[in-house]
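sequence? don't have it. structure:
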């Protein structure tokens, strides 16, 4: 018998009712909350590297990523049932695993200002665009809103953490927004899960000029 790591939808049904809907609404809210929880990867910039004594914070992040991947392996191979798994994910790697990989790589590889901007963009803008699409907005309107949201998130981040000139931060915000909006959701221009693409491809757009200018790619110092 498969081990079930959920309550059979009772929690999501309760959550949906609290917001005037049903289990489907509760499921959507729960998935959005989990998505927003991805911001926890930024703890590597908040906690001192030697905080965990045995391992640097980057090592702890990799252990957490390994735990997520083990859980996904158990779901696929041992029949462990998880909540919020959508029908199209039942027979492939689920989006939460892709998201964990994308977020982890972003903070391990990109320069700090770019990594924070990419993570915040993926964590905040992706669910925003999903909700706008669920509300019935046309794709062009959803895309425009996504680009605007990226600019609102990315520009202050690059100004505060990277001391980028305003014109470069603004250009990067627009570029990240365009790339992020193009790879988000079911209408993505890429044949890969958008939860993997959204933390990495927009970040790559901003990191590439930095790497070219400095000749150095950031790698974690274990």
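Looks like it came in fine. This structure is a prediction, so every number in the text was calculated from the model and none was measured.

count of neighbours near residue 29?
Using other CB atoms under 10 Å, residue 29 has 16 neighbouring residues. Where you see a C-beta, it was placed from the backbone N, CA and C, and this is true even at glycine.

confirm it sits in a helix?
Yes. Under DSSP: H, G, I helix; E, B strand; the rest coil, residue 29 falls within a helix.

for the longest helix along the chain, list every residue counted as buried.
Longest helix in the chain, counting residues (DSSP state H): helix 139-162. Neighbour-count burial for helix 139-162 flags 142-143, 145-151, 153-155, 157-159, 161-162 (criterion: 16 or more other CB atoms under 10 Å).

next, work out how far apart residue 106 and residue 55 are.
Residue 106 sits 20 Å away from residue 55, going by CB to CB, to the nearest Å.

low-confidence regions, this protein specifically.
1-9, 15, 186-191, 213-222 (pLDDT under 70).

okay, helices next: where are they in the protein?
According to DSSP H, the helices that the chain contains are 10-18, 23-36, 57-77, 95-109, 112-120, 126-134, 139-162, 166-183, 194-214.

next, format these as CSV and append distance to residue 47.
Listed next are the helices of the chain as CSV, based on distance: least, CB to CB, whole Å:
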stretch, distance to residue 47
helix 10-18, 30
helix 23-36, 20
helix 57-77, 5
helix 95-109, 12
helix 112-120, 14
helix 126-134, 25
helix 139-162, 17
helix 166-183, 26
helix 194-214, 20
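
what's the closest of these to residue 49?
Nearest of the helices of the chain to residue 49, taken as CB to CB: helix 57-77 at 5.4 Å.
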